[in-house]
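Novice: turn this into a structure:
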Amino acid sequence: MRFLIVLLPRLPPATYYMRRSPVPPIVVYTDAAFEPDDPRPAGLGACVYDPLAPAGHQWVIVSGETSPEVIGRWRARRQYIGQLEALAAVSTYYTLADGAPLSDGACLLKGDSRDPDIGRLAHVLSAILVSIRARPWMDYVRSAANIADLPSRFDIEGLWVFIPPSRHYGFKPLRFWDPIGCSYVSLMRELG
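Specialist: Okay, the predicted model is just below:
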């Protein structure tokens, strides 16, 4: 409930367009990779396409690994892919909200989840999207068709087969994690 109390006053007025916007959308693909028995860390990846950016700078690639400390804050389980895919979207928009030059999972489509870890991540993503005044259209993309699958598996070189060599960044550290999960109030204050 605290989340809604903080979020609702920051929501912009609802705007409905009768025609398609003349500005083409920025396309964001996110993904995560995790295998319980793999010694490599869990990976997060994003590929962002900005059609209005200058030629040669239209793609931005963001990738990184997830620390065991972050995973350790979630409920213990064998598989964390749902949480990590939600975290990939949160991390991507959090990184982009901070001015980095220029989804995945039903919980993000609904904005909530019965799983408390994923639910908190969906709420944080909502807070970030409100703070940057984004109006996303989210949909599920299978891994085989998701270009962000490659950076989530640390295969940046493999991307250049599909897109021109692009700018590559690491994710901005998530400073808003508190001992029991995400602090929405702190995040909203940080993002304005």
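
Novice: where does this protein have low pLDDT?
Specialist: Within the chain, the ranges that satisfy pLDDT under 70 run 1-4, 6-7, 10, 12, 14, 97-113, 174-192.

Novice: ranges for the helices of it?
Specialist: Secondary structure of the chain, counting by DSSP state H: helices at 2-7, 68-72, 81-97, 106-110, 116-131, 149-152, 156-159, 184-191.

Novice: same list, the ones you listed, but as JSON lines with mean neighbour count and distance to residue 173 please.
Specialist: C-betas here are computed from N, CA, C, even on glycine. Listed next are these as JSON lines, based on neighbours: other C-beta atoms under 10 Å; distance: least, C-beta to C-beta, whole Å:
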{"stretch": "helix 2-7", "mean neighbour count": "14", "distance to residue 173": "22"}
{"stretch": "helix 68-72", "mean neighbour count": "12", "distance to residue 173": "10"}
{"stretch": "helix 81-97", "mean neighbour count": "26", "distance to residue 173": "9"}
{"stretch": "helix 106-110", "mean neighbour count": "18", "distance to residue 173": "21"}
{"stretch": "helix 116-131", "mean neighbour count": "22", "distance to residue 173": "14"}
{"stretch": "helix 149-152", "mean neighbour count": "26", "distance to residue 173": "17"}
{"stretch": "helix 156-159", "mean neighbour count": "15", "distance to residue 173": "20"}
{"stretch": "helix 184-191", "mean neighbour count": "17", "distance to residue 173": "12"}
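
Novice: format the ones you listed as JSON lines; extra columns: distance to residue 27.
Specialist: Shown next, in JSON lines, are the helices of the chain (distance: least, C-beta to C-beta, whole Å):
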{"stretch": "helix 2-7", "distance to residue 27": "26"}
{"stretch": "helix 68-72", "distance to residue 27": "26"}
{"stretch": "helix 81-97", "distance to residue 27": "12"}
{"stretch": "helix 106-110", "distance to residue 27": "15"}
{"stretch": "helix 116-131", "distance to residue 27": "15"}
{"stretch": "helix 149-152", "distance to residue 27": "15"}
{"stretch": "helix 156-159", "distance to residue 27": "15"}
{"stretch": "helix 184-191", "distance to residue 27": "23"}
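
Novice: for residue 43, give the beta-bridge partners.
Specialist: Listed by DSSP bridges, the beta-bridge partners for residue 43 are residue 33, residue 65.

Novice: actually, residue 49.
Specialist: With DSSP bridges as the rule, residue 49 is bridged to residue 27, residue 59.

Novice: contacting residues for residue 164?
Specialist: Listed by C-beta atoms under 8 Å, 6 or more residues apart in numbering, the contact set of residue 164 reads 56, 59.

Novice: could you number the chain from 26 rather than 1 from now on?
Specialist: Sure, I'll start numbering at 26, so the last one becomes residue 189.
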